[in-house]
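Novice: model the following, please.
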Amino acid sequence: MFKRYLLLPILIGVLTGISAVLFVHAIELITRYVLELAVGYVQPLPAGEGTRENFTFYPERPYLLPLTVALGGLISGLLTYLLSPESAGVGTDSAIRAYHSKDKLSIKSSIVKLITSAITIGTGGTSGREGPIALIGAGIGSTVGELFRLDRRERRTALAVGLGAGIAAIFKAPLAGAIISAEVFFKRDFEIEALIPGFIASVTSYSVFGMFFGFQPIFSAEIPKLLNLQPASLLAYAGLGLLCALVVRVFTFLFFKVQEEFKKPRVPQYIKPALGGFLAGLVGAFIPISIGNGYGWLQLIMDGKLTDLGFIVLGAVAVMLGVSFTLGSGGSGGVFGPSVMIGGLVGAAYSMTLNQHHSLSLHVPSFTIVGMVSLFAGAAKAPLSTLILIAEMTGGYELLVPAMVSVSISYFLSGKRSVFPSQVDTRLDSPAHMEEWGLMILEKLKVKDYMGEPITVRPYDSVEEAYRLMMDNLIGGLPVVNGGKLVGIITKSDVMAVPPHERKDRKVHEVMSTDLLTVTPETTLAEAFRLMTSKGVGRLPVVDKKGSRRLVGIIARTDIGRAIREFSA
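Specialist: Numbering: from 1, shown residues only. Sure thing, here's the model as predicted:
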């Protein structure tokens, strides 16, 4: 008990806090030599990082920015490709994926993530610090669990605790960090086992980080008491939640669309972050809000020093584009910070617009802060931790009620899609938790009672038609049927291997796989689940009997999760 709830969380917290200090120092060092000296751009800082007046509104040499970000992308791409492929892209999502898949994160992946993310942000790429430190902390937690020979369940908890400790340190938000360590892995569930050790680790990492960078909140804003609790203000906050939900849908569509384009095998994998960096640098050259970590711009809005509505709106669009190019191309970083940035800019623009065109007196700093957490809550499907974050960001609880209104609306109306695709709905849907619910339950249930109606294609349909069906139905593969018989499987990766301009002319039978894995209606769900996990697939065709090719259904991992929920209710 002592080891689990005190010794290990403190150790994870100390190591994560030290890593956060090194990470920030690395970003500052690279920023000084690349952005400040080479590009001539001195970014504004938020109050908690030492607000400065001598920032530059636009870079002195903006034409260099696409080159510096591209170079940063190339270096981070090469390091990731050669040393730690699992640390590419969004840090938090990598940690979530490792949690559910029982993969081990190593200290090596944490060190590579620290270096590559510092290079990405320091050279001007649009990225957040929170995602990388989340993966770094998760890697530390996983490694500590290995060193102390914890069992699989305890190692998973240690990974979650490290993730939250990283967020707690870098955002100076120990309570929110602890809660996010229990919340971020699921869209509609909670990892309660991580909560208590998460408190200890997050407070520890926050304390270590604060010894070097101070304990004041990142942002400073004077929030008038009671002003935001008026009925008209609460109605306006409800409107902000609705707007944030809409922006979340646009943002996630754009982010994953760009990511999908960069996944196509046109150039070597390590070159893609350089191409994405070049595009992100072009955006930043015109709209500097999207350069690096832009929290200082939000502080300027809260201080009343930035009131140009058009510039703020363009800033929100620029951050969406910049982070999509930077991370969608495989660059190293995090989407937490950019999501907060987009939300803050949306909240500021929304309140300014209402004030200008409807003669209202909405408090712009309050709407900026609530916008930050509302958009992230919808994008990351983490409403509780973001509500706690509102108090730790401002040093008070004046915005808690309006944030509850806006966050709830954004969370429920932003759709099922998350910026962290590795999230699952509940613990019942997580492979890591399946053993806890007991395969004995699945041994009693048959595929025939939970299989669904298959969506199929024919061998001579075009690859384009197969791809459209996958996108319309949000599935990763389709059975190929000819004359009522199963002849193959075509997956999204098969489609991606075909250049877009050839998909209308290429036929399904040319790219499908004929190495078939099937089950029958009498197969137990336990056997189907074992087959899915051992082969790394999410759905299996169901044929009428063993050795047959007559397709009668499809069984997916989500169907198995539904079966357990119904049986356990």
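Novice: which element is the residue nearest in space to the middle of the chain on?
Specialist: Central residue of the chain (Cα atoms, centre = their mean): F420, 3.5 Å from the mean position. Using DSSP states H and E, F420 falls within no helix or strand.
Novice: and the nearest residue to it once chain neighbours are set aside, which of the three is it?
Specialist: Leaving aside its sequence neighbours, F420 sits nearest to D93 (Cβ to Cβ, 6 or more residues apart in numbering; 4.5 Å). Using the backbone N, CA and C atoms, a C-beta is placed for each residue, glycine as well. When classified by DSSP: H, G, I helix; E, B strand; the rest coil, D93 comes out as helix.
Novice: which strands or helices does the longest helix along the chain pack on?
Specialist: Ranked by number of residues, the top helix in the chain under DSSP state H is helix 231-262. The contact analysis (3 or more Cβ pairs under 8 Å, 6 or more residues apart in numbering; DSSP states H and E) places helix 231-262 against helix 272-286, helix 309-328, helix 336-358, helix 364-380, helix 400-413.
Novice: deepest in the core, which of those is it.
Specialist: Highest mean neighbour count among the helices and strands packed on helix 231-262 (mean count of other Cβ atoms under 10 Å): helix 364-380, with a mean of 30.
Novice: okay, buried residues for the following helix or strand past it please.
Specialist: For helix 364-380, the following helix or strand on the C-terminal side (DSSP H and E) is helix 383-394. For helix 383-394, the neighbour count (16 or more other Cβ atoms under 10 Å) marks P383, L384, S385, T386, L387, I388, L389, I390, A391, E392, M393, T394 as buried.
Novice: quick one: contacts for the residue nearest to F420?
Specialist: Contacts of D93 were listed using Cβ atoms under 8 Å, 6 or more residues apart in numbering, and they are G131, V335, V419, F420, P421, S422.
Novice: around the second one, how many other residues sit close by?
Specialist: Other residues within reach of V335, judged by other Cβ atoms under 10 Å, total 31.
Novice: low-confidence ranges, the stretch 201-350 of the chain, go.
Specialist: Applying pLDDT under 70 to the stretch 201-350 of the chain flags the ranges 226-228.
Novice: what's the closest of the contacts of D93 to S205?
Specialist: Ranked by distance to S205 (Cβ to Cβ), the contacts of D93 are led by G131 at 15.8 Å.
Novice: please identify which helix or strand holds the closest one.
Specialist: Using DSSP H and E, G131 maps to helix 130-147.
Novice: following that helix, which helix or strand shows up next?
Specialist: Next along from helix 130-147, by DSSP H and E: helix 152-170.
Novice: helix or strand right after that following helix?
Specialist: Next helix or strand after helix 152-170 toward the C-terminus (DSSP H and E): helix 174-183.
Novice: before we move on, the earlier item: hmm, which two among the contacts of D93 are most spread apart?
Specialist: G131 and P421 (13.6 Å).
Novice: can you give me phi and psi for the most far-flung residue of the chain relative to its centre?
Specialist: Computed with Cα atoms, centre = their mean, the maximum C-alpha offset from the centroid of the chain is found at G483, amounting to 42.9 Å. Note on G483: its backbone torsions stand at phi 60, psi 40 [degrees, to the nearest 10].
Novice: ok, back up a step: what is the nearest of the contacts of D93 to E154?
Specialist: Where the contacts of D93 are concerned, and distances follow Cβ to Cβ, E154 has its nearest neighbour in S422, at 21.0 Å.
Novice: returning to what we had before: what are the buried residues along the helix holding G131?
Specialist: 130-145.
Novice: just stretch 214-226 next, same as before
Specialist: With burial defined by 16+ other Cβ under 10 Å, the residues of stretch 214-226 counted as buried are P217, I218, F219, S220, A221, I223.
Novice: okay, these in JSON lines with secondary structure next?
Specialist: Listed next are the buried residues of stretch 214-226 as JSON lines, based on three-state DSSP:
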{"residue": "P217", "secondary structure": "coil"}
{"residue": "I218", "secondary structure": "coil"}
{"residue": "F219", "secondary structure": "coil"}
{"residue": "S220", "secondary structure": "coil"}
{"residue": "A221", "secondary structure": "coil"}
{"residue": "I223", "secondary structure": "coil"}
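Novice: for the record, mean pLDDT for whichever helix or strand K113 is part of?
Specialist: Assigned by DSSP H and E, K113 falls within helix 107-122. Taken as a whole, helix 107-122 has an average pLDDT of 84.
Novice: that one to helix 309-328, inter-axis angle?
Specialist: 150 degrees (axes from the mean of the first three to the mean of the last three Cα atoms, to 10 degrees).
Novice: can we start the residue count at 51 from this point?
Specialist: Sure, I'll start counting at 51 from here, so that last one is helix 157-172.
Novice: rewinding a little: list the helices and strands the helix holding G181 packs on?
Specialist: Helix 180-197 is packed against helix 58-81, helix 141-151, helix 157-172, helix 202-220, helix 386-408, with contacts defined by 3+ Cβ pairs under 8 Å, 6+ apart.
Novice: elements contacting the longest one?
Specialist: Spelled out, it's helix 58-81. Judged by 3+ Cβ pairs under 8 Å, 6+ apart, the packing partners of helix 58-81 are helix 157-172, helix 180-197, helix 202-220, helix 245-263.
Novice: what residues of the helix or strand just after it count as buried?
Specialist: Next helix or strand after helix 58-81 toward the C-terminus (DSSP H and E): helix 115-133. Buried residues in helix 115-133, counted by 16+ other Cβ under 10 Å: 115-131.
Novice: ok so, going back, what's the closest of the buried residues of helix 180-197 to I339?
Specialist: E180 (17.9 Å).
Novice: wait, that closest one touches A218, no?
Specialist: No - under the criterion of Cβ atoms under 8 Å, E180 is not in contact with A218, lying 10.1 Å apart.
Novice: mind listing the shared neighbours of the two?
Specialist: Counting by Cβ under 8 Å, 6+ apart, E180 and A218 have no common neighbour.
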